[in-house]
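**Student:** the sequence isn't on hand, but the structure is:
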C-alpha cells in the first residue's frame, strides 16, 4: 500500500462521511483521517526499514561469501608454499653445496611468504580475511533477524489502515478497535525489529 492508495482511502472516507451525515460529524471524520495518516507515515518508515534490512542481508551474504573464497584461496596458496619449501629441503640433501644453499634460501623465502599470509596485519592476511568474513556474517544474520519483524509489522499496519477506512465508511466502533489493536501490534513489532530487545521465537 503506497501513499496514493492511502490518500484515496482517506478521500473516500471523507466523501462517505459527508454523504451519511450531510457534512456534519466533522470531528469523527477529522480524527479518522489523522489516524489513517499517522498509520500511513509509520507504514512508510517500516517499509523502508524492511527494504533496507533485505538489502543489507543480501549485500553482507555476498561479502561473506566472497571473503571466505579469498580466504580459502590464500589458504591453498599458503599450503602450496609450505609444501614447496618442504620439497626443496628434502631435495637439497643430495645437491652440491652451492645448489643446496640456493635451495635452502628459496625454502626459507617460501616459508616467510607463507607466514606473512597468515598474520600480515592490514594487508588481507588470512587472519584479516577471516575476521572480515565473520563480521559480514554477523551483519547478515542481524539483518535476517530484523527482516521478518518488519514484514509482519508492515502487513498489520496495512490491515489497520484498511479497517480504519472501513470504520470511516460504516461507523462501526468494533472495526475501529480491531484496527487499533492491529496497529499497536504492528508498531510493537516494528520497534522490536529496530531494537531486537525481545526476540520472538516464532520469527
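**Tutor:** Thanks, I have it. Model, not experiment: these values are computed from the prediction. Numbering: from 1, shown residues only.
**Student:** tell me the pLDDT of the residue nearest to residue 164 when sequence neighbours are not counted.
**Tutor:** Leaving aside its sequence neighbours, residue 164 sits nearest to residue 179 (CB to CB, 6 or more residues apart in numbering; 4.5 Å). Yep, even glycine has a C-beta here, placed from its N, CA and C like the rest. On pLDDT, residue 179 comes in at 95.
**Student:** tell me which element residue 179 falls in.
**Tutor:** In the assignment (DSSP states H and E), residue 179 maps to helix 173-195.
**Student:** that helix packs against which elements?
**Tutor:** helix 26-91, helix 126-170 (3 or more CB pairs under 8 Å, 6 or more residues apart in numbering; DSSP states H and E).
**Student:** next one: the residue of the chain most remote from its centre from residue 89, what distance?
**Tutor:** Going by CA atoms, centre = their mean, the residue of the chain most distant from its centre is residue 96, 62.0 Å out. Distance, residue 96 to residue 89, using CB to CB, to the nearest Å: 16 Å.
**Student:** one step back: quick one, the helix holding residue 179 and helix 126-170 angle?
**Tutor:** 170 degrees (axes from the mean of the first three to the mean of the last three CA atoms, to 10 degrees).
**Student:** relative to helix 26-91, how tilted is helix 173-195?
**Tutor:** Interaxial angle of helix 173-195 relative to helix 26-91 (the same axes, to 10 degrees): 30 degrees.
**Student:** lowest average confidence, helix or strand, in this protein?
**Tutor:** Ranked by mean pLDDT, DSSP states H and E, the helix or strand of the chain with the weakest confidence is helix 3-21, at a mean of 56.
**Student:** low-confidence bits of the chain, can you list those?
**Tutor:** Low-confidence segments of the chain (pLDDT under 70): 1-26, 121-122, 203.
**Student:** same thing but 50
**Tutor:** Within the chain, the segments meeting pLDDT under 50 span 3, 21-24.
**Student:** which of the three states applies to residue 198?
**Tutor:** coil (DSSP: H, G, I helix; E, B strand; the rest coil).
**Student:** highest average neighbour count across the helices and strands packed on helix 173-195?
**Tutor:** helix 126-170 (a mean of 19; mean count of other CB atoms under 10 Å).
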